[in-house]
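In: predicted structure and sequence below. I'll ask about it afterward.
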Amino acid sequence: MTQVTIRRVEEAWVERARQEASRLHVSMNQVLLDALRRGLGADVEPIRKTNLDQYAGDSDFGPEWEAFLEKDLKQVDDELWS
């Protein structure tokens, strides 16, 4: 292991690290080490995102998709809603 000095760290980052250390009941050093590990991708298991952000936005799937939406997904089944 080695020691490293990081200069010119924004005060807001330091305060956030202090708050996180207090919340987790660990040292600020541990919080910063964990942040570096995650930030550098050195975790044993990568953090998985389970959201659909990559699919957000306008997409053109073609006329077949639009027809499917109109025919099957935008129709109301009166029997289910009466």
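Out: Yes, it's here.
In: biggest helix in this protein by residues?
Out: The single longest helix within the chain, with elements called by DSSP state H, is helix 11-24.
In: could you say which helix or strand holds Gln75?
Out: According to DSSP states H and E, Gln75 maps onto no helix or strand at all.
In: can you pull up the most central residue in this protein?
Out: For the chain, the residue nearest the mean C-alpha position is Lys49 (5.7 Å; C-alpha atoms, centre = their mean).
In: just say helix, strand or coil for that residue.
Out: Put simply, Lys49 is coil when judged by DSSP: H, G, I helix; E, B strand; the rest coil.
In: for Asp77, see how far away it is.
Out: Using C-beta to C-beta, to the nearest Å, Lys49 is found at 34 Å from Asp77. Glycine gets a C-beta too; all of them are placed from N, C-alpha and C.
In: with Arg16 instead?
Out: For Arg16, the distance to Asp77 equals 50 Å [C-beta to C-beta].
In: which one's more surrounded, these two?
Out: Set Arg16 next to Asp77 and count neighbours by other C-beta atoms under 10 Å: Arg16 wins out with 13 against 7.
In: buried residues in the longest helix of the chain?
Out: Under the neighbour-count criterion of 16 or more other C-beta atoms under 10 Å, helix 11-24 has 17, 20-21 buried.
In: next secondary structure element downstream of it?
Out: helix 28-39.
In: follow-up on the earlier one: so what does the longest helix of the chain touch, helix or strand wise?
Out: Judged by 3 or more C-beta pairs under 8 Å, 6 or more residues apart in numbering; DSSP states H and E, helix 11-24 is in contact with helix 28-39.
In: between the helix it packs on and helix 11-24, what angle do the directions make?
Out: 110 degrees (axes from the mean of the first three to the mean of the last three C-alpha atoms, to 10 degrees).
In: just the mean pLDDT for helix 28-39, thanks.
Out: If you average the pLDDT over helix 28-39, you get 93.
In: quick one: the next helix or strand after that helix to chain centroid distance?
Out: Helices and strands here follow DSSP H and E; after helix 28-39, the next one along the chain is helix 63-68. Centroid separation for helix 63-68 versus its chain: 31 Å, with C-alpha atoms, centre = their mean, to the nearest Å.
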